[in-house]
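Visitor: I would like to see how this sequence folds:
(one chain, ligands or ions: 1)
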Amino acid sequence: MSRQLSGRNLSIQHGAEVRLTYPDFSWPAGTHLALTGPSGTGKTSLLNAVAGLLRPSTGQLCYGEHDLTALSEAGRDAFRRREVGYVFQDFHLMPGLSAQENVELGLRVAGVRNAGALAQTALRRLDLAGRLQSKPWQLSTGERQRVAIARAVAHRPGLLLVDEPTAHLDRERAAGAMSLLREVATELGATLVVVTHDEAVALSLPEHFRIRGAS
Ligand SMILES: Nc1ncnc2c1ncn2[C@@H]1O[C@H](COP(=O)(O)OP(=O)(O)OP(=O)(O)O)[C@@H](O)[C@H]1O
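Guide: Numbering: from 1, shown residues only. As a prediction, this is how the structure comes out:
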């Protein structure tokens, strides 16, 4: 099955005021891509549409044989649980839960069996074997990000979507985070889409998609 991600004639409407339009694209499975463009042009909105969190107002957004624009909200939820790993800019970890519990929770919501074992495997892969029981506030920013990455990849998604991964990191750690994301995406054979304002991050990725804003 081809898991190409493609968009045609896409636009996203937020209320009456904001209409975001996008150039057409077609990204083969396994593409590692930087999504760039000026602030407010709709990078995060596109990431959210690819994640099935919102439905574009016009056009077609396809992943393999799924047309995301034709799915109901329940259909998009099921698609997201199965195919999407999303690393949010602020990580969105549950503060009262340990690293292990944070990763397990996502798996349980997705109805995955052996959530405990899969969570541990993902956390160990992200070099967090010694931090399984730590709460987010007991972790460094880089460790919190690695927990968020572990949570995003534990169910082995085909799409790894990452919003501003280096916003909270210094230059050295930013480079390390990008290498790690690319390694993990390669291991999964996943398509990696990274929203970034950081030119060094964009240049570290082989493919680029720039949104220019109002047409
Ligand atoms: N849920 C929403 N409701 C209403 N307007 C929204 C919503 N989400 C985004 N917008 C508006 O859509 C436009 C694009 O926002 P978006 O976050 O997608 O852009 P961006 O390119 O990622 O921006 P930035 O680089 O500043 O993070 C902005 O004008 C924003 O205010």
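
Visitor: Show me what the longest strand seen in the chain is packed against.
Guide: Longest among the strand segments of the chain by residue count, using DSSP state E, is strand 5-14. Counting by 3 or more Cβ pairs under 8 Å, 6 or more residues apart in numbering; DSSP states H and E, the packing neighbours recorded for strand 5-14 are strand 18-21, strand 25-27, helix 43-50, strand 58-63. Where you see a C-beta, it was placed from the backbone N, CA and C, and this is true even at glycine.

Visitor: what about Leu205, how many neighbours?
Guide: Neighbour count for Leu205, taken as other Cβ atoms under 10 Å: 20.

Visitor: ignore the last one, Glu17
Guide: By other Cβ under 10 Å, the residues close to Glu17 number 6.

Visitor: now swap in Asp77 and tell me
Guide: 15.

Visitor: pLDDT value on it, please?
Guide: Looking at Asp77, its pLDDT is 93.

Visitor: how about it, what does it touch?
Guide: Gly52 (Cβ atoms under 8 Å, 6 or more residues apart in numbering).

Visitor: any idea how far it lies from the ligand?
Guide: 17 Å (Cβ to the nearest ligand atom, to the nearest Å).

Visitor: in the helix or strand encompassing that residue, what counts as buried?
Guide: Taking DSSP states H and E as the criterion, Asp77 maps to helix 73-83. Buried positions in helix 73-83, judged by neighbour count with 16 or more other Cβ atoms under 10 Å: 76, 79-83.

Visitor: Of the residues you listed, just say which sits nearest to Gly176.
Guide: Glu83 (26.7 Å; Cβ to Cβ).

Visitor: returning to that earlier point: alpha carbons of the helix holding Asp77, in CSV - could you do that?
Guide: Extracted C-alpha coordinates of helix 73-83, given in CSV (Å, rounded to 0.1, in the frame of the first residue of the first chain):
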residue,chain,number,x,y,z
GLU,A,73,-14.9,13.2,12.9
ALA,A,74,-15.0,9.6,14.3
GLY,A,75,-13.2,8.4,11.2
ARG,A,76,-10.5,11.0,11.5
ASP,A,77,-10.1,10.1,15.2
ALA,A,78,-9.6,6.4,14.3
PHE,A,79,-7.2,7.4,11.6
ARG,A,80,-5.2,9.6,14.0
ARG,A,81,-4.9,6.9,16.7
ARG,A,82,-3.7,4.4,14.2
GLU,A,83,-1.5,6.4,11.8
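
Visitor: Tell me the helix or strand right after it.
Guide: Following helix 73-83 toward the C-terminus (DSSP H and E): strand 84-87.

Visitor: That following strand - contacts with which helices or strands?
Guide: Where contact means 3+ Cβ pairs under 8 Å, 6+ apart, strand 84-87 is packed against helix 141-153, strand 159-163.

Visitor: So which of the ones you listed is nearest the ligand?
Guide: strand 159-163 (7.8 Å; Cβ to the nearest ligand atom).

Visitor: tell me the angle that closest one makes with helix 141-153.
Guide: Counting by axes from the mean of the first three to the mean of the last three Cα atoms, to 10 degrees, strand 159-163 points 150 degrees away from the direction of helix 141-153.
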